[in-house]
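**Q** Take this sequence and fold it.
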Amino acid sequence: MGFWAWFLIWSVLIVLTLAGFAQVLYSLYKKGIALQKVVEPLLPKLEALQRAAERSPQIEQPESAVLSDPVEQMKVRLAILRRKQKKRDAKEHMLINRVKRSRN
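**A** Alright, predicted model coming up:
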């Protein structure tokens, strides 16, 4: 095959490759436009979330319990443990009721 045959073959291959590349780009462009239409209504909410994230939360440091009365600290600790146990029991009761309802 001569020079012009190879030149024609490679020219056709390059043109087809460029056409495929253009088709992929056009498809991505259409998807980008569709995504922009979906995202535009969410921008105000995103800005509000960003402003809220920039504010630092107010965290209170607990008082040191080193010098306080140990009996009083044990009472506080037991009260906390009772609340935690009460929450666990309520959750367990809720789950048991949910299972009973699903069986009926």
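**Q** How is this structure partitioned into domains?
**A** Domains of the chain are assigned by automatic domain parsing as 1-54, 69-104.
**Q** Can you name the next helix or strand after the lowest-mean-pLDDT helix or strand in the chain?
**A** Across the helices and strands of the chain, mean confidence by mean pLDDT, DSSP states H and E is lowest for helix 43-54: a mean of 90. Next helix or strand after helix 43-54 toward the C-terminus (DSSP states H and E): helix 70-103.
**Q** what packs against that next one?
**A** If you count contacts as 3 or more C-beta pairs under 8 Å, 6 or more residues apart in numbering; DSSP states H and E, helix 70-103 packs onto no helix or strand. The way it works is simple: take the backbone N, C-alpha and C, and place the C-beta from them, glycine included.
**Q** Mean confidence (pLDDT) on it, please.
**A** For helix 70-103, the mean per-residue pLDDT is 93.
**Q** got it, and stretch 19-39?
**A** Here the average pLDDT along stretch 19-39 is 96.
**Q** Determine how far it lies from the middle of the whole chain.
**A** Centre-to-centre, stretch 19-39 and its host chain are 25 Å apart (C-alpha atoms, centre = their mean, to the nearest Å).
**Q** outside of it, which residues touch it?
**A** The contact list for stretch 19-39, computed with C-beta atoms under 8 Å, 6 or more residues apart in numbering, is empty.
**Q** and the angle from the top helix by length along the chain to helix 43-54?
**A** Taking DSSP state H as the criterion, the chain has its longest helix at helix 3-39. Per axes from the mean of the first three to the mean of the last three C-alpha atoms, to 10 degrees, the angle that helix 3-39 makes with helix 43-54 is 70 degrees.
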